[in-house]
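>>> Could you work out the structure for the sequence below:
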Amino acid sequence: MSRRSLVLWVMALLTASAPAVSYLVASLYGSYSSQSYVWWGFSGQCPGRQVYDLIEYPERTLVDFPLFSYGGAPLILLGFAGWCLGVRKGHVRAAKVVARSVAAVPLLLHLPEPLLFTLDSAIDSACSNAWGPPEIMDQNVAMGLYYLIPSLLVLLAVRTPRPPAYVRRGPLVRTLLAALTVMVTVLFAVESVPPGRVSSEEELDCAGFGDGTVTGLSKAEKIFLCDVRGYGFSRGQGEVPGWSEVSDHEVLAQGHQLCDLAVQHGGDVNAPAVQQAPQASLTQVLAGLCPAVAEARKAEDRRQDEEEKAYVAKKEKDCAVRPAHQPKIRALRQKRATMWTEFWTIDGWDEGYEGTVPELVKNLVGSERGALSIWAADEIGQACVTVEAYSRRPPLEIKGWEEVVEVGYESPSGSLTLVDGRGKRLPGLTPAGPGLYRVRVHLRGRKLVEQRIHPPDGAVQLLIMVFPGGEKAPVVYR
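Coordinates of the predicted model:
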């Protein structure tokens, strides 16, 4: 064995293990820092990425094998031992086969990624986004090329020196050199291309003043870019995360691609294929760019609106078919309604006192000057409400009611109006005008709605009596 071959083998071993050893040392001394990335990419039109997706898992699995750890240093050491043994036994040809086989392994493991990335970059610069963040890909390509050095050193170590003369390289060497030359050329060309333009809010005229400077885009495309970037909160929402630094061209390309995918599913952005797309985060603003999505959303809104109207109509019918309360004395006014709430109570106010929410007595009814609150549901729901206004105190009715509580109420303007969560109003509850009143609330159905997730329709029933009275203290009758 020549001294030259030994030096080249040692250099190959050190070169292969250097990155892993340096990382290990840095980790031990706490000087290593890492950064996490979340990256989207669409590889549908990028053949290099499609091929790499097929081979990436088996390649990673092979790299994790102990023989290929530390940059393949154990494999090189094993190859060196086999080469030495072959040379010592006089089997030089077999020794070269062993060494060249060892050199071929790093080529198979580390060359595909840079080559396929170069292929995609040459086809379309936008395809580079399918591979990951530029800083990560720069590192991956550099390391892929770096790990070819040990293979070249091994090949040089087992090469028999010849007298200086012009030697015609074999087809494998010429092909490898040509591929590397093209790859380096393309990568330099891709790196020299300036990043895609990211237009500003003013350039896109997101405010709609007509002074934008961006040309060549439709109005829908400009609005889409404004929505994606959250410029001026054009649709009442912030930017779509992860797209603020992506070029206009790429954002629109991804948006149109997502639109095409949504069209295949009837414009439904909730279809599994659409939601699983790499750029699925754009669905929240896709309607402005994609007419099919906009139409599907309108159809869904109409369906939900009709469904809600049918639901409300059914609940109102359930209340309407219940027997009406028969007053013991003549009531000045009697009104019935299905009233809704999303926050436990329905409220009433005199004009100018809207928004005040009094504390409830026995968790049923509460009052302040100009404000009234009545429990109506277990947080969200509806109640069958009957409201009666009297000119004098009506007889007390307890039979058939689970809870009966009476409170004082001061009406500053004589305009007490009950309002539910859907905006339904029951006015004219203080017909005697401004002054002091008593409000007696009768309730049944609370236990039913609190004990059952799906109580029967019309479970909560309220009878509210309003009449003149100067007493202020609350009275709990039941």
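>>> any weak-confidence spans in this structure?
For the chain, residues meeting the criterion pLDDT under 70 lie at 1, 23-24, 26-45, 63, 124-137, 161-196, 232-237.
>>> now the helices: where do they sit in it?
Per DSSP state H, the chain carries helices over the ranges 3-28, 47-63, 73-88, 92-110, 112-123, 134-146, 148-157, 171-192, 201-204, 219-229, 248-263, 272-275, 291-320, 446-451.
>>> Dump those into TSV; add distance to Val385 and mean neighbour count as well.
No exception for glycine: its C-beta is placed from N, CA and C like everyone else's. Conversion of the helices of the chain to TSV gives the following (distance: least, C-beta to C-beta, whole Å; neighbours: other C-beta atoms under 10 Å):
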stretch	distance to Val385	mean neighbour count
helix 3-28	70	16
helix 47-63	62	14
helix 73-88	82	19
helix 92-110	75	18
helix 112-123	67	20
helix 134-146	63	15
helix 148-157	81	21
helix 171-192	70	13
helix 201-204	49	18
helix 219-229	43	22
helix 248-263	45	20
helix 272-275	42	14
helix 291-320	8	13
helix 446-451	14	14
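>>> Now tabulate those in JSON lines and tack on distance to Asp211.
Output for these, formatted as JSON lines (distance: least, C-beta to C-beta, whole Å):
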{"stretch": "helix 3-28", "distance to Asp211": "53"}
{"stretch": "helix 47-63", "distance to Asp211": "40"}
{"stretch": "helix 73-88", "distance to Asp211": "63"}
{"stretch": "helix 92-110", "distance to Asp211": "52"}
{"stretch": "helix 112-123", "distance to Asp211": "37"}
{"stretch": "helix 134-146", "distance to Asp211": "33"}
{"stretch": "helix 148-157", "distance to Asp211": "54"}
{"stretch": "helix 171-192", "distance to Asp211": "34"}
{"stretch": "helix 201-204", "distance to Asp211": "7"}
{"stretch": "helix 219-229", "distance to Asp211": "13"}
{"stretch": "helix 248-263", "distance to Asp211": "18"}
{"stretch": "helix 272-275", "distance to Asp211": "35"}
{"stretch": "helix 291-320", "distance to Asp211": "26"}
{"stretch": "helix 446-451", "distance to Asp211": "57"}
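>>> Compare those helices and give me the one nearest Tyr390.
For the helices of the chain, proximity to Tyr390 was assessed by C-beta to C-beta; helix 291-320 is nearest, at 22.2 Å.
>>> now the closest one, how far from the centre of its chain.
Computed by C-alpha atoms, centre = their mean, to the nearest Å, the chain-centroid distance of helix 291-320 equals 26 Å.
>>> Taking helix 219-229 as reference, get the angle to it.
Using axes from the mean of the first three to the mean of the last three C-alpha atoms, to 10 degrees, the inter-axis angle of helix 291-320 relative to helix 219-229 is 70 degrees.
>>> Packing partners of helix 291-320?
Contact analysis of helix 291-320 by 3 or more C-beta pairs under 8 Å, 6 or more residues apart in numbering; DSSP states H and E lists helix 248-263, strand 333-341, strand 381-389 as its packing neighbours.
>>> which outside residues touch stretch 223-233?
For stretch 223-233, contacts defined as C-beta atoms under 8 Å, 6 or more residues apart in numbering pick out 198-201, 204, 206-207, 217, 234-235, 237-240, 243-244, 248, 251-252, 255, 282, 285-286, 288-289.
>>> Pairing-wise in the sheet, spell out the partners of Val387.
Val387 has these beta-bridge partners by DSSP bridges: Lys335, Ile464.
>>> With Gln334 as the reference, measure out to it.
Counting by C-beta to C-beta, to the nearest Å, the gap from Val387 to Gln334 is 7 Å.
>>> Now do Gln207: how many residues are near it, please.
Rather than Gln, residue 207 is Ala. When neighbours are defined as other C-beta atoms under 10 Å, Ala207 has 14 of them.
>>> That should have said Thr386, apologies.
21.
>>> Surely it and Arg444 touch.
No: counting by C-beta atoms under 8 Å, Thr386 does not reach Arg444; the two are 11.9 Å apart.
>>> Common neighbours of those two, please.
Jointly contacting Thr386 and Arg444 under the rule C-beta under 8 Å, 6+ apart are Gln461.
>>> Now do the same contact list for the residue most central in space within the chain.
Taking C-alpha atoms, centre = their mean as the criterion, Ser281 is the residue nearest the geometric centre of the chain, at 5.6 Å. Neighbouring residues of Ser281 by C-beta under 8 Å, 6+ apart: 40, 240-243.
>>> Looking only at neighbour counts, state which of Val387 and Gln334 leads.
For Val387 versus Gln334, neighbours defined as other C-beta under 10 Å are more numerous around Val387 (24 against 15).
>>> Test my guess that the more buried one contacts Phe467.
No: applying C-beta under 8 Å, one finds Val387 not in contact with Phe467, separated by 11.8 Å.
>>> quick one on the thing from earlier: just the buried ones from the contacts of stretch 223-233, in ChimeraX syntax?
Buried subset of the contacts of stretch 223-233, written as a ChimeraX selection, criterion 16 or more other C-beta atoms under 10 Å:
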select :198,199,201,204,206,217,234,240,243,248,251,252,255,282,285,286,288,289
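>>> what about the nearest residue to Trp375 once chain neighbours are set aside, how many neighbours?
Computed as C-beta to C-beta, 6 or more residues apart in numbering, the closest residue to Trp375 that is not its neighbour in sequence is Leu364, at 5.2 Å. For Leu364, the count of nearby residues is 22 (other C-beta under 10 Å).
>>> can I assume Leu364 is in contact with Leu443?
Yes: counting by C-beta under 8 Å, Leu443 is a contact partner of Leu364 at 6.0 Å.
>>> how close does the closest residue to Leu463 other than its chain neighbours sit to Ala287?
Among residues not flanking Leu463 along the chain, His442 sits closest, at 4.0 Å (C-beta to C-beta, 6+ apart). The gap separating His442 from Ala287 is 49 Å, by C-beta to C-beta.
>>> what's the answer for Glu402, then?
According to C-beta to C-beta, Glu402 and Ala287 sit 49 Å apart.
>>> what's the answer for Leu217, then?
For Leu217, the distance to Ala287 equals 17 Å [C-beta to C-beta].
>>> contacting residues for the closest residue to Leu116 other than its chain neighbours?
Nearest residue to Leu116, sequence neighbours excluded (C-beta to C-beta, 6+ apart): Gly48, at 3.6 Å. Contact analysis of Gly48 by C-beta under 8 Å, 6+ apart lists 115-120, 123, 127.
>>> so which of these comes closest to Lys222?
Cys127 (25.4 Å).
>>> Of the contacts of Ser281, which is the nearest to Leu107?
Trp40 (31.0 Å).
>>> For the residue nearest to Thr283 when sequence neighbours are not counted, the count of nearby residues, please.
Computed as C-beta to C-beta, 6+ apart, the closest residue to Thr283 that is not its neighbour in sequence is Val269, at 4.0 Å. Val269 has 24 neighbours, counted by other C-beta under 10 Å.
>>> can you tell me which residues contact Val269?
By C-beta under 8 Å, 6+ apart, Val269 lies in contact with 262, 275, 283, 286, 293, 296-297.
>>> Ok, Ala220 next?
Residues near Ala220 by C-beta under 8 Å, 6+ apart: 288-289.
>>> Fine by me, thanks again.
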